[in-house]
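J.: I'll drop the sequence and a predicted model, then ask my questions.
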Amino acid sequence: MSRFRLDNPSKQKPSEKIHVTLGALGDKIEAMRLALVELRRKIVVNEEELKRLQEESEGTDTYRSELATQIKNDWETFKIASRKHIRAIGQYERKQSQLQRISRGKKVVWEDGK
């Protein structure tokens, strides 16, 4: 059965290590993207709620103030998470190009020699 040697990292070829790293980075990037989407949705819902409360003069001033503070904090978190997401994508792209350089013109060798 053909498979990469994933059980012992010291026996892995550089290209195999990069494949594993790319997989982990891809999973991390997708998780970050989903978290960003969820945080953005939360911000939009809170902004709409705050706007509604202000237009209808509902809710206490304290509640509206807390909601505004929560929105501000969520935006700061969103900005930081967005930068981390962009850095992770850059790291993924660098690893991908590294893999391409390693495997350019080379045949992938499997454990069974195929």
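T.: Okay, I see it. Residues are numbered from 1 along each chain as shown.
J.: so how far is the helix or strand hosting S97 from its chain's centroid?
T.: Element membership for S97, per DSSP states H and E: helix 61-103. What separates the centre of helix 61-103 from the centre of its chain is 7 Å, taken as C-alpha atoms, centre = their mean, to the nearest Å.
J.: So, low pLDDT: which residues of the protein?
T.: Judged by pLDDT under 70, the chain has its weakly predicted residues at 1-15, 105-114.
J.: coming back round to it: kindly spell out which helices and strands sit in contact with the helix holding S97.
T.: Secondary-structure packing of helix 61-103 (3 or more C-beta pairs under 8 Å, 6 or more residues apart in numbering; DSSP states H and E): helix 14-55. In this view, the C-beta of every residue, glycine as well, is placed from N, C-alpha and C.
J.: can I have stretch 61-77 written out in CSV, keeping just the CAs?
T.: These are the backbone C-alpha positions of stretch 61-77, laid out as CSV (Å, rounded to 0.1, in the frame of the first residue of the first chain):
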residue,chain,number,x,y,z
ASP,A,61,-28.4,54.1,28.7
THR,A,62,-26.2,51.6,30.5
TYR,A,63,-27.3,48.8,28.2
ARG,A,64,-26.8,50.8,25.0
SER,A,65,-23.4,51.9,26.3
GLU,A,66,-22.4,48.3,27.1
LEU,A,67,-23.6,47.2,23.7
ALA,A,68,-21.6,50.0,22.0
THR,A,69,-18.5,49.0,24.0
GLN,A,70,-19.0,45.3,23.0
ILE,A,71,-19.2,46.3,19.3
LYS,A,72,-16.0,48.3,19.6
ASN,A,73,-14.2,45.5,21.3
ASP,A,74,-15.5,43.0,18.8
TRP,A,75,-14.2,45.2,16.0
GLU,A,76,-10.7,45.3,17.6
THR,A,77,-10.8,41.5,17.9
